[in-house]
Each structure stands twice: as structure tokens, then as C-alpha cells.
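Chemist: give me coordinates for this.
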Amino acid sequence: MKKGMVMAMDRNRLIGREGGLPWKIPADMRHFRQVTAGCPLVVGRRTYEDDIGRPLPGRETIVVSRDPNWRADGVHAATSLSAAFTLAPTLMPSAHTVQVIGGAVLCREAVDDIDVLHLTVIDAEFDGDTWFDSFDWQDWRTESVRTLEPGEDTQWSLTFYTLVRAGAPSSE
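Modeler: Numbers count the residues shown, from 1 in each chain. Next up, the predicted model:
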């Protein structure tokens with residue numbers, strides 16, 4: 001099973017504000033649902049509790065918490081990222097990719113281990129306190145790119161990248 005990550009950032013690499021997203025963009029949320037459909041998800045405990053708060057339909061959610069006693073209804077717990085990656089294929093054996101979806105600490109830890117990065121770049125600048133500083137464009141090659149101009153579901157231009165680690169085979 002491949003390891004992936006789904007991330008959105010503004011043009012300055014901002015990804016968060018006070019533990020949540022600095023924006024609400026329906027087009028990006030639709031993209032997130034499409035990319036993660038049928039995949040196990042890995043998410044940090046704080047992001048799960050503060051932002052998501054429920055299992056997402058059509059996906060198995062693995063919450064990473066250092067507390068071995070942490071539990072929540074409808075999701076699976078793992079005490080480390082590597083334990084989550086080991087658990088994922090047992091939950092959804094036919095899935096092609098396990099997707100890391102946040103928070104920032106977990107994404108920083110995972111970025112060196114993932115094969116595919118689904119990155120949305122929002123052509124705007126937002127206020128916030130968390131950046132995707134562990135990301136380096138030179139480590140990736142673009143497999144696909146699609147731009148969505150401002151319209152009904154976004155007031156900003158969005159570019160959806162599918163990136164594969166430089167030197168790795170195509171994700172298809």
C-alpha cells in the first residue's frame with residue numbers, strides 16, 4: 001500500500017491557524033473527498049478531536065495519539081505513525097493508498113515517508129500560525145496538475161497537484 005498525504009497551503013505555505021484551516025473552500029473539500037475516497041486516513045489526535053470529530057464516510061480513520069488508552073467511537077487508534085501505516089492495510093486491504101491528512105506535526109513527521117502528495121495551492125495569502133515548512137518542491141515531480149479559477153465553489157484560484165517523490169515510479 002502506498003503512503004500518501006493530502007495537504008492545502010496558500011502561496012506562502014501557510015496551512016493552519018489556531019489548530020484549524022484558515023479558509024473554507026468548498027472546491028478544495030470536494031477535492032479532498034475525491035482523493036481520499038476508499039482510502040484509510042491517518043490523522044493526529046488533536047486534529048481529529050478539534051476539527052474532524054467523527055469518522056468520515058467510506059474511509060477508515062486511524063488516529064495517532066501518544067496515549068495508549070485513547071479511544072473514540074468509530075475510529076482506530078495507533079500510538080505512532082509507523083503503527084498507523086502498519087494498521088492501514090489490515091483495515092482496507094483493497095485500498096491503493098493510506099492518506100495522512102493532518103495535523104501539522106504528523107505531516108512534518110510523515111513527509112519523508114510518503115510516496116504521493118496531493119497538494120492544493122491557493123493563490124492567496126491568509127493569516128495563520130502554521131506553515132508547511134518541511135515541504136521542498138525539489139523533492140517532488142509533478143504527475144498531474146489542474147487549475148480551478150475563481151467561481152461558485154472558490155473565490156481564489158486553486159491549483160491541484162499530484163506529486164510523486166523524485167526518482168520514484170509513477171503513482172499510476
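
Chemist: low-scoring stretches of this structure, by residue?
Modeler: Residue ranges of the chain with pLDDT under 70: 168-172.

Chemist: now the phi/psi pair for the residue of it most remote from its centre, please.
Modeler: Ranked by distance from the centre of the chain (C-alpha atoms, centre = their mean), the top residue is N69, with 24.8 Å. With angles defined as degrees, to the nearest 10, N69 sits at phi -100, psi 0.

Chemist: P68 contacts T79, correct?
Modeler: Yes. In terms of C-beta atoms under 8 Å, P68 counts as a neighbour of T79; the distance is 5.4 Å. Bear in mind the C-beta positions are built from the backbone N, C-alpha and C, glycine included.

Chemist: of these two, who's got more company?
Modeler: More neighbours surround T79 than the other of P68 and T79, with 14 against 9 (other C-beta atoms under 10 Å).

Chemist: any idea how far that one is from T86?
Modeler: Counting by C-beta to C-beta, to the nearest Å, the separation of T79 from T86 is 11 Å.

Chemist: before we move on, the earlier item: and the residue farthest from the centre of the chain, how far from T86?
Modeler: For N69 relative to T86 (C-beta to C-beta), the value is 19 Å.

Chemist: please apply the same query to D133.
Modeler: The value you get for D133 to T86, if C-beta to C-beta is used, is 27 Å.

Chemist: what does M92 give?
Modeler: According to C-beta to C-beta, M92 and T86 sit 13 Å apart.

Chemist: okay, the two: which has more neighbours?
Modeler: Neighbours were counted for M92 and for T86 using other C-beta under 10 Å; M92 has more, 18 against 13.

Chemist: what sits closest to the more buried one if chain neighbours are left out?
Modeler: P40 (4.8 Å; C-beta to C-beta, 6 or more residues apart in numbering).

Chemist: could you do A124 as well?
Modeler: Closest to A124 by C-beta to C-beta, 6+ apart is W156, at 4.3 Å.

Chemist: run a quick check on W23 versus E125, I expect a contact.
Modeler: No. Using C-beta under 8 Å, W23 is not in contact with E125, being 10.8 Å away.

Chemist: going by residue numbers, what spans are strands in this structure?
Modeler: 2-10, 14-16, 41-44, 61-64, 76-78, 97-102, 116-122, 130-131, 140-148, 158-165 (DSSP state E).

Chemist: looking at those, which is closest to A110?
Modeler: strand 97-102 (4.5 Å; C-beta to C-beta).
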